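Structure for this input, please:
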Amino acid sequence: MADAAETDGKTPGAAIAPPFPIKLLIIVSVVALLFGVGGAVVAVKFFGGSDKHTEQADEHKAETVVKADVPGGAGGKQGQTAVPGVMFDLDPFIVNLADVPDVRYLKLTVKLEVDNDAVSADLSARVPQVRDAILVLLSSKDVNAVRTTQGKFQLRDEITQRINGLLPKPGVRSAYFTDFVVQ
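Here you go, the predicted structure:
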């Protein structure tokens, strides 16, 4: 038996480790590499893909700005131009709202955008009529009508229409709320 152990060239007490197949090592390395590259591609698409979307959004914004700058174009309401009008300030309004069970107040400051200085001079001559028209309109509203964004847009349009109805030639483009408090 001693001769058999000596002929193999191995020591009798050591366990023989099977050789690790090189093919398996290569396959595992290639699969790990593919998963790494695939994960990187997904990460770039997911996190870095917003650049393409941002460029498209910037192009869309640029197109809308160009459309809005064209006077009388399809970018805005008919009759409006991109040039801002003259601003006409009104004193603040404090009114009771039309809520029946509760007493609610509305404090509102309005600035009017008018076409030119002639309309501004006409409004200056009619300040009591303008304030009366706005006060009557505001006191007819309840809290539910003025708290929502849609209600504020509707109120803005109604103020613009009422004031244009007072003028010999409509010249108020829009009304802007600079102070809006409901209590």
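
Show me how the chain divides into domains.
Domain assignment for the chain by automatic domain parsing gives 23-69, 86-182.

okay, the ones you listed, which one's buried deepest?
Most buried of these by mean neighbour count (mean count of other C-beta atoms under 10 Å) is domain 86-182; its value is a mean of 15. Where you see a C-beta, it was placed from the backbone N, CA and C, and this is true even at glycine.

That one: end-to-end distance?
Distance across domain 86-182, first residue to last, is 28 Å (C-alpha to C-alpha, to the nearest Å).

For A40, see how far away the closest residue in space to L90 that isn't next to it in sequence is.
Excluding its sequence neighbours, the residue lying closest to L90 (C-beta to C-beta, 6 or more residues apart in numbering) is V110, at 4.9 Å. According to C-beta to C-beta, to the nearest Å, V110 and A40 sit 57 Å apart.

could you say what helices and strands the helix or strand containing the residue nearest to L90 packs with?
For V110, the host element (DSSP states H and E) is strand 105-114. When contacts are defined as 3 or more C-beta pairs under 8 Å, 6 or more residues apart in numbering; DSSP states H and E, strand 105-114 packs onto strand 86-89, strand 93-96, helix 117-125, helix 127-139, helix 149-166, strand 172-182.
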